[in-house]
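Peer 1: Predicted model, plus sequence, below.
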Amino acid sequence: MRHEWIIGIGLLLGLSLGTVHGAARTYRAFIVAIAKYPAHSGWASLHADRDKELLCDCFRKYAFEDIRVCADEAATYQRITTELDGLVRRAEPGDRVWIHFSCHGQQMEDLNGDEPDGLDEALVPYDARMYYEPGVYEGECHLWDDELNEYLTAIRKRLGEAGEVWVSLDACHSASATRGDESSGRRIRGTCLIFSANPGFQPPDMPGNGYVDVPLRSEAGWAPLTVLSACQSYQDNWECEVDGRGYGVLSYAIARAFADYAGWPENDERFLREIDKLVRRLSPWQTPVIESTKRAMEWD
């Protein structure tokens, strides 16, 4: 009965679940949503719980069969990485995978010299702290961009060219304040503090606010990758308020695009344009970044 319901929803939305070498294509989603961090962490509360509700509903309607969620205290570094390991193992050639993060973000001092601007970006799990404290917390629970990229590469190799990977990051990579104006329900998902063992660390002086355009890596045999970031690496990511309820601006835009434009992912350009337009309208202080190995995303 459940299988028939899933197929019926897919046909209603004009989707094709498709087959790859005779096997059914599976739609898989992994959502990390952290609304409340522990008081000792230094991180403010967010409305990520509402993001989770929106996106779970969207993925169910779009016939995602494998939906995994890590929320609040369950969204520790160990749990998130365990789920990513499991996703790598479960993924099959031709699957479509969507990974979403609604949480805080923080820039960190680059320790291996692979970042031209001297900074790594990191997502902030439930057990990651804002401040470096020798012997207490030294960044071991931050999810670094280099580490996330390793998981994405493994998944892309598993899926092959017939699959697809989508990643959405509703978090600051860097911001100018720890908290927004919480009295009005508007909050910032990050901090201006760079995580470093060196007090007062400053990255190299780079033009363009330190933004360095490094294209997504594409290799023969890998699944195409599309990444949606709520803002530039040096910008604040503000939450938005709709009908008196707070949401992550990117999460809300994705949900609206899913509701308004059936046909994802076969006809994804209009879908992506709507997300870009809506984020800019809801939060004109930030610029969303949409990158894809399938095509250049260069609209204004």
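Peer 2: Sure, I can see it.
Peer 1: Going by C-alpha atoms from here, please, whenever you check contacts or count neighbours.
Peer 2: Will do.
Peer 1: Need the three-state assignment for residue 158.
Peer 2: Following DSSP: H, G, I helix; E, B strand; the rest coil, we place residue 158 in the helix state.
Peer 1: I'd say it and residue 90 touch.
Peer 2: No - look at residue 158 against residue 90 with CA atoms under 8 Å: they stay out of range, at 9.2 Å.
Peer 1: and the two? which has more neighbours close in?
Peer 2: More crowded of residue 158 and residue 90, by other CA atoms under 10 Å: residue 158, with 21 against 13.
Peer 1: residue ranges for the strands of this structure, please.
Peer 2: Remark: strands assigned in the chain by DSSP state E are 19-20, 23-24, 27-33, 66-71, 96-102, 104-109, 119-124, 143-144, 164-170, 225-229, 239-242, 245-248, 289-292.
Peer 1: Would you reformat those as a markdown table and include distance to residue 281?
Peer 2: What follows is the strands of the chain, written out as a markdown table (distance: least, CA to CA, whole Å):
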| stretch | distance to residue 281 |
| --- | --- |
| strand 19-20 | 38 |
| strand 23-24 | 39 |
| strand 27-33 | 23 |
| strand 66-71 | 28 |
| strand 96-102 | 20 |
| strand 104-109 | 22 |
| strand 119-124 | 25 |
| strand 143-144 | 30 |
| strand 164-170 | 16 |
| strand 225-229 | 15 |
| strand 239-242 | 10 |
| strand 245-248 | 13 |
| strand 289-292 | 14 |
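Peer 1: Which one of those lies nearest to residue 47?
Peer 2: Nearest to residue 47, of all the strands of the chain, is strand 245-248, at 5.5 Å by CA to CA.
Peer 1: What residues sit buried inside that closest one?
Peer 2: 246, 247, 248 (16 or more other CA atoms under 10 Å).
Peer 1: cool, stretch 235-243 as well?
Peer 2: 235, 236, 237, 238, 239, 240, 241.
Peer 1: what's the answer for stretch 219-230, then?
Peer 2: Buried, per 16+ other CA under 10 Å, within stretch 219-230: 222, 223, 224, 225, 226, 227, 228, 229, 230.
Peer 1: Equivalent analysis for stretch 136-145, please.
Peer 2: Buried, per 16+ other CA under 10 Å, within stretch 136-145: 138, 139, 141, 142, 143, 144.
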